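# Quick one: sequence plus predicted model below, questions after.
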Amino acid sequence: MSANTLLLSLELAGTFAFALNGALTATQVARLDIVGVLTLGIITAVGGGIIRDLLIGAIPPEAFTTWLFLTVAAVGALVVFFLSARLTRFTSAITVMDAAGLSLFCVTGATKALSFGLGPAQAALLGMITAVGGGTLRDMLIGRMPPILSTGLYAIPALVGAIVAVLAVRMGFYNLPAAAVAVGSCFLIRMLGVRYNLNAPTMRLPPDASH
């Protein structure tokens with residue numbers, strides 16, 4: 001499998017996963033109609049990639065230069081809309097789909113940034129931005145605090161996965177197994193954080209002197 005084919009496959013998988021996540025959020029959290037489900041699913045799926053492409057100068061963004069991404073996102077959203085009654089029993093589905101999209105996009109964002117000539121540190125950072133961008137837009141639209149601001153193990157797993165992908169590319173052995181390791185590292189850290197309620201250290205404020 002060529003590097004371009006691998007990148008496209010991972011991006012489409014991430015697009016579908018985030019579309020499912022956005023649509024699940026629309027149906028189970030925001031209780032939106034079919035237009036809202038499609039809108040939230042598509043924005044969640046392609047938002048991070050659009051931000052990435054604008055930052056690296058890939059204009060127009062890839063989501064608008066091929067029918068694949070918008071179609072995959074729309075299909076994922078419609079699958080959730082028509083099967084929403086059956087999906088309500090899976091209470092952890094939103095979190096799992098979000099973690100899957102996060103993991104896939106941190107890898108594709110980092111590798112695409114490298115292909116556009118960015119350095120390793122910049123590529124890893126852009127991989128993280130790609131991963132969290134769609135979910136952040138999703139939460140802003142429904143008036144919810146984005147996980148990147150409320151949990152320390154959301155952006156951090158994405159950054160770890162992006163770093164693993166960057167190292168694999170720079171060392172010359174980026175292939176499907178290496179991509180799977182990068183994706184798996186992000187997914188594992190994210191799900192461990194959810195399972196054990198782990199967060200990065202927060203600032204400890206002094207007690208109120210008046211009490």
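Arrived safely, thanks for sending.

# per-residue confidence at residue 7?
At residue 7, the model reports a pLDDT of 84.

# other SSEs contacting the helix or strand of the chain with the lowest mean pLDDT?
The weakest-scoring helix or strand in the chain, judged by mean pLDDT, DSSP states H and E, is helix 147-150 (a mean of 80). Using 3 or more CB pairs under 8 Å, 6 or more residues apart in numbering; DSSP states H and E, the elements in contact with helix 147-150 are helix 120-141, helix 152-170. The way it works is simple: take the backbone N, C-alpha and C, and place the C-beta from them, glycine included.

# So what's the model's average confidence on the last one?
Read that as helix 152-170. 94.

# and the angle for the next helix or strand after that helix with helix 120-141?
Sequence-wise, the next helix or strand downstream of helix 152-170 (DSSP states H and E) is helix 176-196. Relative orientation of helix 176-196 versus helix 120-141 (axes from the mean of the first three to the mean of the last three CA atoms, to 10 degrees): 50 degrees.

# Let's have the helices and strands packed on helix 147-150 in TSV, adding distance to residue 38 and mean neighbour count.
Listed next are the helices and strands packed on helix 147-150 as TSV, based on distance: least, CB to CB, whole Å; neighbours: other CB atoms under 10 Å:
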stretch	distance to residue 38	mean neighbour count
helix 120-141	13	23
helix 152-170	25	23
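
# and of the ones you listed, who's closest to residue 70?
Set against residue 70 and scored by CB to CB, the helices and strands packed on helix 147-150 come closest in helix 120-141, at 13.2 Å.

# could I get the closest one in CSV with only the CA atoms?
Extracted in CSV, the C-alpha atoms of helix 120-141 (Å, rounded to 0.1, in the frame of the first residue of the first chain):
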residue,chain,number,x,y,z
PRO,A,120,8.5,17.4,13.0
ALA,A,121,7.3,19.5,15.8
GLN,A,122,5.0,21.6,13.7
ALA,A,123,3.6,18.5,12.0
ALA,A,124,2.9,16.8,15.4
LEU,A,125,1.1,20.0,16.6
LEU,A,126,-0.9,20.1,13.4
GLY,A,127,-1.8,16.5,13.8
MET,A,128,-3.3,17.3,17.2
ILE,A,129,-5.2,20.3,15.8
THR,A,130,-6.6,18.2,13.0
ALA,A,131,-7.8,15.6,15.6
VAL,A,132,-9.5,18.0,18.0
GLY,A,133,-10.7,20.6,15.5
GLY,A,134,-13.9,18.9,14.4
GLY,A,135,-15.0,18.0,17.9
THR,A,136,-14.3,21.5,19.1
LEU,A,137,-16.5,22.9,16.4
ARG,A,138,-19.2,20.3,17.2
ASP,A,139,-19.3,21.3,20.9
MET,A,140,-19.3,25.0,20.2
LEU,A,141,-22.4,24.6,18.0
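
# That helix packs against which elements?
helix 3-28, helix 34-56, helix 93-115, helix 147-150, helix 152-170.

# Same list, the ones you listed, but as TSV with distance to residue 84 please.
TSV is the format used below for the helices and strands packed on helix 120-141 (distance: least, CB to CB, whole Å):
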stretch	distance to residue 84
helix 3-28	4
helix 34-56	8
helix 93-115	11
helix 147-150	22
helix 152-170	25
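
# Where among those helices is average confidence lowest?
Among those, helix 147-150 scores lowest, at a mean of 80.

# contact partners of that helix?
Helix 147-150 has contacts (CB atoms under 8 Å, 6 or more residues apart in numbering) with 98, 132, 135-136, 139, 154-155.

# Sweet, I'm off.
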